[in-house]
Structure formats: structure tokens, C-alpha cells
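*Asks:* my questions concern the predicted model and sequence given below.
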Amino acid sequence: MPNITFVTADGKRQTVEATAENVMEVAQEHGIPGIDGDCGGVCSCSTCHVKVDEPWVGRLPPAEDLESDTLSFADDVCHCSRLSCQIPVTEELDGLVVHVPPPA
Amino acid sequence: MTQIPDPFKEAKEKGPVLAAEFDGETIPMILKLKDVRAAAKDWETYSSDAPRRVPIPAEENVRTVRQYPLEVDPPEHTAYRKLVEPFFQRPKQPDVKAKIEALIGRLLSDALNRESIDIIHDFAIPLQSHALTYLLNVDEKEAELWISWGIHVFKDGDGESKGPFMEQYSERMFREAEANPGDDFFSVLNAAEVDGRKLTMQEKLGYANIAFAGGRDTIIHTATRIIHYFAQNPKALHCVREHPQMVNTAAEEFFRMFIPLTHLGRVCPHATDVHGHRVEAGGRVSLCWSSANRDPDVFEEPNEVKLDRKPNPHISFGFGVHNCLGAHHARAIMRGLITQLGERVSHIEIQESRELVENEAAYDRMVGYELLTARFTGLPSA
């Protein structure tokens, strides 16, 4: 199982074993604050917004148009921004670091 | 697999816009998901600064107030919305969620004890009205009056609008809250400030207006259609029973498919070309959420209910700065309903039904039921 590190808005780092289908579900299983995932992970809201650590930006499958479009209404979006529900968990993700943006 | 017809299917095949007439006004309806999303984001071209004209048909005859924060554009919109956001986040709190679940449990127990239940008046309307008291943090006894307002405050039953009555009631509630302030919706708005000043009564009434009217027929029709769907598709009920983790995707799919609100309008402050249709300054366009949710370029087999559909980028709660404040509330209610139907109900037999159809010059769209009676049979352990 890959390990994923979440860095929450208060700077806390939490590394967890990822057993769920996507990064949002991993966060929810481990109670990571700030990743609400209101729509349950179907790419219909932007409440699971994370910022992927810079070195990982190019290593993830790129965002589809609809993800980018949905994401455009999250706060404080940058080139590292992704919807965590759209990042499937694979072995290649071992060591991934994502940052949870502060609340609006 | 049940196909649920899309009244905009043919129009979408012909082009991205359907020019439709409403009360003598020709309004281009934007039909495709990406186009609707783009228009919803572009508030400078497609403005909501249009009191009583955001809904289509317009509501100039049924209410006197501008709805806040729906009928305001940024940047003013941001401050107006912020004032009430904490209320609309309440259904995410465990205690509020638990109250909603207990309410559904009580209504289901009642339904299971009857030979026949009127799903609209004895289940969906009480569900919506009581749940709204939890959202607004007011005494639950207020729900009894709200129940009497029917399915749609502005156009229910005998065709008589309850709009003026609702405005009088809201004003009374604000006055009473002034005398006895608490931590309810009315008291919080009485104390609220925007741009360093207190809200006017008209502004407060505008907030109350959408709080009462906006989430009313939408919740009632969605709950009713979910129950009807499970009655017609017992395998789906079995599926959510066997796979309770499917509740979130199932709820989103029902939101996509059963969206009661066909569309909302925007006003073009300047003459605008809307995909080949000219709209003069001050004219309106329609963001057709219900058509966009069936866009075959985005959704595979768009007219089929797939309880595990993922991704499902529907726009049943709108898109952009005006996305629906009541989405958390709607999700809490429908997820609770689906879960408990799965846990407690073996099957549902429809006894009588009559569809409620929105008849317009350019389309007829089924939005819910005006009559639905059924018999619920419980699971042995329920």
C-alpha cells in the first residue's frame, strides 16, 4: 500500500497508508481536516481541493477538463491544485505529499 | 434499464441553444453542460442583479423583495452570502444530521404502519418543513404552519400564491426575534451587518424569501421521485441495501436525474451573442441545469439512472458563485432517506400517481408528482 502525507492548514503532517480508491477517500478515512468532499467524490463540487507538492505535479495523471472547470471555483487555486477525488490511489503514489488549503 | 426521458434531447442534437418563449419573452436556453458552466461563471456577461427576474418565469407578481444573496452580483454578493453561510453549513454538524435522520426514521415508521400513505403531504412536505427548522435553528413547531404552504409557495394547489402571506409571516418572525433574540436565523440576520450597517427589513425579507421558497419544492420533489424510483425499481432498493456505501453516488445520481428546477435565468447587461442568438441589453438567458445534466458529451447513457455513476459532474446545485447554499441540507436529507429506505423497506407499491408537468411553449418537463400514494412493506427486521 502506498503512503500519502497530508499537510494540513495548521502545518501538521500526517502520513497514512492509502487503502481507499482515491486521495479524497483516504483523507476522509483518516479524518484529515479541510477535505470535505461534499459531493462524495463525483467531481461535482470543489471541496476536496488539495495542492500537490511541487515535485509530484508532473507525476500524476493530468486533470481532465471537467476537473479543472470544477476546480476553478475553489479558493486560492494554483498550478499544483487538484481535486483529491480525481487522484486515483496507485502504487506509484507512494510518498505523495498534498497540502490542504486553509479554509476560505 | 429504466430510461427517463430528457425533454431537451432533440433540441441538444440540433444545437447548443433552444430559443424558447416565456410569457411573450424569447429566452435562449443554454443546453450543454460546459456552456452552462461557463455562463454561470461569467457573472459580468450573465448577471444575477435582476430582482425577481432570475427565476423563469419571472416572479414579479408573487413576491415584492429581491432574494439575497441569489439576486446580487459580486463583489456585493460575497458579503451578503457570507452572512448566512454558517446556517447552511449546519447540516454537516453531527447533531443536526442526527436530527434529520431521526425525523426520517419517524416518518418512515409512520409510513410502514399505514395501508396507504400520501407521499407528498404526509411524508415529503413534513420532511422538508421539519428539516428546515433544524437548518434555521428555530422551534420545530413552526413547521406546522410551513406544512400548510403546500408544495410550492408561489404556485401550489388552487393556484393562489402564498407569497404575500410568507412575507408577512417572515416580517413577524424578524420583529419577534428583535424582542426575544436568540441564535436562530431571524435573530442572526437582525444583528448582522453589511458594509458597516444593519440590514434593512427588505434585505432580511429577501433572505427569508429564498430560505423558504428555494429549498421547498426542490426537496419535496426530489424525495418523492426517489421513493417512486425505488418503487418502480426494486432491484435498486435491494442494491442500496446490499451496498450501503453506495449512498453518496446514488444521491448524486438522483440529484442529476431528478433535478426539479429546470433552469434559472440571468440578465445580459449589454447586448450579447449567446451561441448565435442575440440578446439585447436587459434581455434574459436561461441556464438550463436539467438539460446540461443529460449532456451526452459528458454523461454516458445520460437518461439511465446509474447508482454508482462516477464521475458525475452534474450541476443540480448550480455552478459558480451562486451555487446552491442548501446543497448540504439536500444531501443530508436525501442520503438519510436512501439509507433508511434500504435498511427498513422491503418494497414499495405505488397505488395512485399523477405527474406534475411543467408545460411551456417549447417543452413539457415532468418535475415531480402532484399525487403519489403508496404502501410500504418493511423488512422483517425493521
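*Replies:* Yes, it's here.
*Asks:* near chain A, which residues of the stretch 151-300 of chain B show up?
*Replies:* B:248, B:249, B:251, B:252, B:298 (Cβ under 8 Å from any Cβ of the partner chain). In this view, the C-beta of every residue, glycine as well, is placed from N, C-alpha and C.
*Asks:* where does chain A have its least confident helix or strand?
*Replies:* Within chain A, confidence by mean pLDDT, DSSP states H and E is lowest for helix A:65-71 among all helices and strands, at a mean of 91.
*Asks:* can you list contacts of the helix or strand just after that one?
*Replies:* Of the helices and strands lying after helix A:65-71 in sequence (DSSP states H and E), the nearest is strand A:81-83. Strand A:81-83 has contacts (Cβ atoms under 8 Å, 6 or more residues apart in numbering or on different chains) with A:24, A:43, A:46, A:48-52, A:60, A:63, A:67, A:70-71, A:74, A:98.
*Asks:* looking at these, which one is closest to residue B:76?
*Replies:* Comparing those against residue B:76 with Cβ to Cβ places residue A:74 closest, at 21.6 Å.
*Asks:* now intersect the residues of the stretch 151-300 of chain B next to chain A with the helices, please.
*Replies:* Among those, the ones falling in helices (DSSP state H) are B:248, B:249, B:251, B:252.
*Asks:* over to residue B:198: give its phi and psi.
*Replies:* phi -70, psi 150 (degrees, to the nearest 10).
*Asks:* looking at the contacts of strand A:81-83, which has the most residues close by?
*Replies:* When neighbours are taken as other Cβ atoms under 10 Å in any protein chain shown, the top entry among those is residue A:48 (30 neighbours).
*Asks:* gap between that residue and residue B:293?
*Replies:* 21 Å (Cβ to Cβ, to the nearest Å).
*Asks:* ok, back up a step: considering only the contacts of strand A:81-83, which also neighbour chain B?
*Replies:* Restricting those to those near chain B - Cβ under 8 Å from any Cβ - leaves A:43, A:70.
*Asks:* need the worst-confidence member of the contacts of strand A:81-83.
*Replies:* For the contacts of strand A:81-83, the model is least confident at residue A:74; its pLDDT is 84.
*Asks:* state the distance from that residue to residue A:93.
*Replies:* 21 Å.
*Asks:* so what's the most centrally placed residue in chain A up against?
*Replies:* Taking Cα atoms, centre = their mean, the centroid of chain A lies closest to residue A:84, which sits 3.0 Å from it. Residues near residue A:84 by Cβ under 8 Å, 6+ apart: A:22, A:23, A:24, A:27, A:35, A:37, A:48, A:49, A:50, A:98.
*Asks:* surely the second one and residue A:98 touch.
*Replies:* It refers to residue A:23. Yes. Using Cβ atoms under 8 Å, residue A:23 makes contact with residue A:98 at a distance of 6.6 Å.
*Asks:* what touches both of those two?
*Replies:* Common neighbours of residue A:23 and residue A:98 (criterion: Cβ under 8 Å, 6+ apart): A:4, A:50, A:84.
*Asks:* now these as CSV including distance to residue B:49?
*Replies:* Putting the shared contacts of residue A:23 and residue A:98 into CSV (distance: Cβ to Cβ, whole Å) gives the following:
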residue, distance to residue B:49
A:4, 44
A:50, 34
A:84, 35
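*Asks:* quick one: the helices in chain A?
*Replies:* Using DSSP H, the helices found in chain A span residues A:23-29, A:65-71.
*Asks:* determine which stretch of those helices is the most buried.
*Replies:* Most buried of the helices of chain A, by mean neighbour count (mean count of other Cβ atoms under 10 Å in any protein chain shown): helix A:23-29, with a mean of 23.
*Asks:* ok, residues contacting it?
*Replies:* Residues outside helix A:23-29 that contact it (Cβ under 8 Å, 6+ apart) are A:4, A:6, A:16, A:18-20, A:35, A:37, A:41, A:48, A:50, A:83-85, A:87, A:89, A:93, A:96, A:98, A:100.
*Asks:* now those: which count as buried?
*Replies:* For these, a burial check counting by 16 or more other Cβ atoms under 10 Å in any protein chain shown picks out A:4, A:6, A:16, A:18, A:20, A:35, A:37, A:41, A:48, A:50, A:83-85, A:87, A:89, A:93, A:96, A:98, A:100.
*Asks:* can you count the residues close to the closest residue to chain A within the stretch 151-300 of chain B?
*Replies:* At 2.8 Å from chain A, residue B:248 is the closest residue in the stretch 151-300 of chain B, using Cβ to the nearest Cβ. Other residues lying near residue B:248 total 19 when counted by other Cβ under 10 Å.
*Asks:* I'd say it and residue A:40 touch.
*Replies:* Yes. When contacts are counted by Cβ under 8 Å, residue B:248 is listed as touching residue A:40 (2.8 Å).
*Asks:* dump the residue contacts of residue B:376.
*Replies:* By Cβ under 8 Å, 6+ apart, the contact set of residue B:376 is B:108, B:111, B:112, B:114, B:117, B:345, B:348.
*Asks:* again, only using 6 Å
*Replies:* B:111, B:112, B:345, B:348 (Cβ atoms under 6 Å, 6 or more residues apart in numbering or on different chains).
*Asks:* with adjacent residues omitted, what lies nearest to the third one?
*Replies:* Counting by Cβ to Cβ, 6 or more residues apart in numbering or on different chains, residue B:376 is the residue found nearest to residue B:345 once chain neighbours are left out, at 5.5 Å.
*Asks:* please apply the same query to the last one.
*Replies:* The spatial neighbour of residue B:348 that comes closest, neighbours along the chain excluded (Cβ to Cβ, 6+ apart), is residue B:231 at 3.8 Å.
*Asks:* which of the helices or strands spans that neighbour?
*Replies:* Per DSSP H and E: residue B:231 is located in helix B:217-232.
*Asks:* tell me what that helix is packed against?
*Replies:* If contacts are counted by 3 or more Cβ pairs under 6 Å, 6 or more residues apart in numbering or on different chains; DSSP states H and E, helix B:217-232 sits against helix B:125-136, strand B:345-359, strand B:364-378.
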